[in-house]
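[1] Requesting a structural model of the entry that follows:
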Amino acid sequence: MLWLHIHFPRLALEAQFMADPRPLPQLLLIPGQHTIAQCNAAAVSQGVRVGMNKKTAFCLLADCAIADYDSHLEGESLNQLALLCYHQAAQISLLPPQGLLLEVGSMLPLFAGLDAYWHDLTQRLDSSGFEYRMSTGHTPSAARILAEAGLGLCSDDIEVLQQNLLQLTVAQLGLPAPLVDKLQAMGIRQYGQLKSTPRKELGYRFGIDLVERLQRLETDNRPPVSFKLPERFAQVMHLNYDAEQARGLLFPLRRALLNLEAYLLSRQRVCEKLLIRLAHRDGRRSLLTIPSVRGCYRQSDWLALLQLQLDQTQLIDPVVSLTLRAKGFLPMQAENADLVGDRYLQGDADRMHALLLARLGEDRVQTLKAEADPRPEVASQLQNSHSTRSAQFMRQWPSLLLPEPKAIPVQEYQLISGPERIEGGWWDNGRVRRDYYIGQQGQQRVWLFRRDDGGWFLHGLFA
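    Numbers count the residues shown, from 1 in each chain. Below is the predicted model:
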């Protein structure tokens, strides 16, 4: 078996400031203390280090963004990253607080080898915006240690992987600090020295825990508990600034929609609607609804709809956090292209419909619905275009009816077919009795009717 471990060294920091586009040094503090838990590259370049007192860091920085370490947010971000990598592995496991473990050996035939698999996974992780290190290993523990050491090994050769392990120091093996100190005091500084020492002696001097750790590192291929897809999708984003314009929400939502795309692909679903709940600075809440037609899953499709919605949204107060939820899951279906080209006729129509909904609003976009009534003015009515579609009836009727029938001189028209007798409406005091004809005037095909009194009327136009 072959394993791949992905280590996110600044996961909590980057999750906390992911929605902040400002290029500032960022500091994450241990709650209740004045010590820096994590800091970004901009802070490191100015002399800040993990473990430093925050007052010392403030003396080094002209300006910075600061927040407390949030283990819950870190865990949620690790779950989102697992969604992003879900269909890249036969099995994926969470290794909190900063790691993912993927079983990749069985996936290599699908990707034509490890190099292609590595390239595809790298592109996916680069789009996440998180810093990462990853490495393969012949056991889960070996992959984790090599990744956390930053070696970045891409190999399925067990001998190569083991040789790189031998070069690691005992401090890089993830052992408890007191145990590392004891080993170094005995002159054991590298894993190669530790491996060559008899296990009975190691157990006698340092305890059975060290022997078990080495066993897991070298031969234990038992996988941790597998990650399972959640039944629903929801992502909370806390802003480290007050978003005063709706357009400013696009930056944090862009990455959230990438996670949504990965989730929907993994479940082979599309969703019909996005719900974005906004938390405002004054404590109020508001809701943005982004509908789609027949559902979609692509980040690019949702971004196009979201941009239109945000361009015409006025915030009631600056936004401090938002929650993205997906609603209305449907099975994913392949789009049928035309016979000789690459156009997706129904898909293109649905995307245009969705853009109209986003631009104008659901209450302003209407379509025709058919009712089982013989009277044309009743049988064709307008309805909300996003409502459940009504049944369609095979009738040779025009799609465009005049608001009111118009009296005409029939000699100006050429009759092509008819009559079609339509009589009804006695049940609601709207009785009609007409003989309909299809006619033509010039190049325009029309729909005419004659009443019992001999009067002729124009009622509709054929497209």
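
[2] Now the spatially most central residue of the chain: which helix or strand?
    Centroid-nearest residue in the chain, with CA atoms, centre = their mean: L260, separated by 1.7 Å. Element membership for L260 (DSSP states H and E) is helix 250-267.

[3] list the helices and strands that helix packs on?
    Under the contact criterion of 3 or more CB pairs under 8 Å, 6 or more residues apart in numbering; DSSP states H and E, helix 250-267 touches helix 71-84, strand 234-243, strand 269-280, helix 299-311, strand 319-331. No exception for glycine: its C-beta is placed from N, CA and C like everyone else's.

[4] mind redoing it with 7 Å?
    With contacts taken as 3 or more CB pairs under 7 Å, 6 or more residues apart in numbering; DSSP states H and E, helix 250-267 sits against helix 71-84, strand 234-243, helix 299-311, strand 319-331.

[5] These: which one's closest to L161?
    Evaluated with CB to CB, the helices and strands packed on helix 250-267 place helix 71-84 nearest to L161, the distance being 23.8 Å.

[6] got the angle for that closest one vs helix 250-267?
    Interaxial angle of helix 71-84 relative to helix 250-267 (axes from the mean of the first three to the mean of the last three CA atoms, to 10 degrees): 50 degrees.

[7] Give me the angle between the helix or strand following helix 71-84 and helix 71-84.
    Downstream of helix 71-84, the first helix or strand assigned by DSSP H and E is strand 91-95. Relative orientation of strand 91-95 versus helix 71-84 (the same axes, to 10 degrees): 170 degrees.

[8] Near G187, how many other residues are there?
    The burial count assigned to G187 is 7, neighbours taken as other CB atoms under 10 Å.

[9] Which helix or strand contains the closest residue to it other than its chain neighbours?
    Excluding its sequence neighbours, the residue lying closest to G187 (CB to CB, 6 or more residues apart in numbering) is Q193, at 7.8 Å. Assigned by DSSP H and E, Q193 falls within helix 191-196.

[10] Any buried residues in that helix, and which?
    Residues Y191, L194 are the ones in helix 191-196 that count as buried (16 or more other CB atoms under 10 Å).

[11] Same question for stretch 424-441.
    Under the neighbour-count criterion of 16+ other CB under 10 Å, stretch 424-441 has G425, V432, R434, D435, Y436, Y437, I438, G439 buried.

[12] Not counting its neighbours along the chain, what's nearest E423?
    Nearest residue to E423, sequence neighbours excluded (CB to CB, 6+ apart): R433, at 4.6 Å.

[13] if I look at the one you found, how far off is W427?
    Note on R433: its distance to W427, by CB to CB, to the nearest Å, is 14 Å.

[14] low-scoring stretches of the stretch 351-463 of the chain, by residue?
    Within the stretch 351-463 of the chain, the segments meeting pLDDT under 70 span 351-396.

[15] Do a quick rundown of the helices in it.
    For the stretch 351-463 of the chain, applying DSSP state H, counting those that start in this stretch gives helices covering 376-379.

[16] Also the stretch 101-250 of the chain?
    Under DSSP H, counting those that start in this stretch, the stretch 101-250 of the chain gives helices at 108-111, 114-126, 140-148, 158-166, 177-185, 191-196, 199-206, 208-218, 250-267.

[17] Need the pLDDT of the residue nearest to G187.
    Reported pLDDT at Q193 in the predicted model: 92.

[18] from what I can see Q309 touches I290, true?
    Yes. If you go by CB atoms under 7 Å, Q309 and I290 touch, sitting 5.6 Å apart.

[19] centre of the chain versus the helix holding Q193, how much separation?
    Put simply, helix 191-196 sits 45 Å off its chain's centre (CA atoms, centre = their mean, to the nearest Å).

[20] just stretch 177-196 next, same as before
    Distance, centroid of stretch 177-196 to centroid of chain: 45 Å (CA atoms, centre = their mean).

[21] likewise stretch 324-337?
    Between the centre of stretch 324-337 and the centre of its chain there are 12 Å (CA atoms, centre = their mean).

[22] Ok, stretch 209-228 next?
    Centroid separation between stretch 209-228 and its chain, computed with CA atoms, centre = their mean, is 32 Å.

[23] Output that stretch in PDB, but only the C-alpha positions, please.
    Listed next in PDB are the C-alpha coordinates belonging to stretch 209-228 (Å, rounded to 0.1, in the frame of the first residue of the first chain):
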ATOM      1  CA  ASP A 209       5.500   3.400  24.100                       C
ATOM      2  CA  LEU A 210       8.700   4.100  22.000                       C
ATOM      3  CA  VAL A 211       8.700   0.500  20.700                       C
ATOM      4  CA  GLU A 212       5.100   0.700  19.600                       C
ATOM      5  CA  ARG A 213       5.700   4.100  17.900                       C
ATOM      6  CA  LEU A 214       8.600   2.600  15.900                       C
ATOM      7  CA  GLN A 215       6.400  -0.400  15.000                       C
ATOM      8  CA  ARG A 216       3.700   1.900  13.600                       C
ATOM      9  CA  LEU A 217       6.300   3.800  11.700                       C
ATOM     10  CA  GLU A 218       7.900   0.800  10.000                       C
ATOM     11  CA  THR A 219       5.200  -1.800   9.400                       C
ATOM     12  CA  ASP A 220       1.700  -0.800  10.600                       C
ATOM     13  CA  ASN A 221      -0.500  -0.200   7.500                       C
ATOM     14  CA  ARG A 222      -3.800  -0.100   9.400                       C
ATOM     15  CA  PRO A 223      -5.700   3.000   8.200                       C
ATOM     16  CA  PRO A 224      -7.200   5.500  10.700                       C
ATOM     17  CA  VAL A 225     -11.000   6.100  10.700                       C
ATOM     18  CA  SER A 226     -12.200   7.200   7.200                       C
ATOM     19  CA  PHE A 227     -13.700  10.600   6.600                       C
ATOM     20  CA  LYS A 228     -17.400  10.500   5.500                       C
END
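
[24] and that stretch, what's its mean pLDDT?
    For stretch 209-228, mean pLDDT is 90.

[25] Going forward, the N-terminal residue is numbered 27.
    Got it, first residue is 27 now, which makes that one stretch 235-254.

[26] Show me which residues of it are buried.
    Result for stretch 235-254 [16+ other CB under 10 Å]: buried residues L236, R239, L240, L243, F253.

[27] A169: what's it in contact with?
    Residues near A169 by CB atoms under 7 Å, 6 or more residues apart in numbering: W29, L30, H31, L127, S161, T162, G163.

[28] Top of those by number of neighbours, please.
    Highest neighbour count within the contacts of A169, by other CB under 10 Å: L30, with 29 neighbours.

[29] in a strand, that's where that residue is, yeah?
    Yes. Secondary structure of L30 (DSSP: H, G, I helix; E, B strand; the rest coil): part of a strand.

[30] Done for today, thanks.
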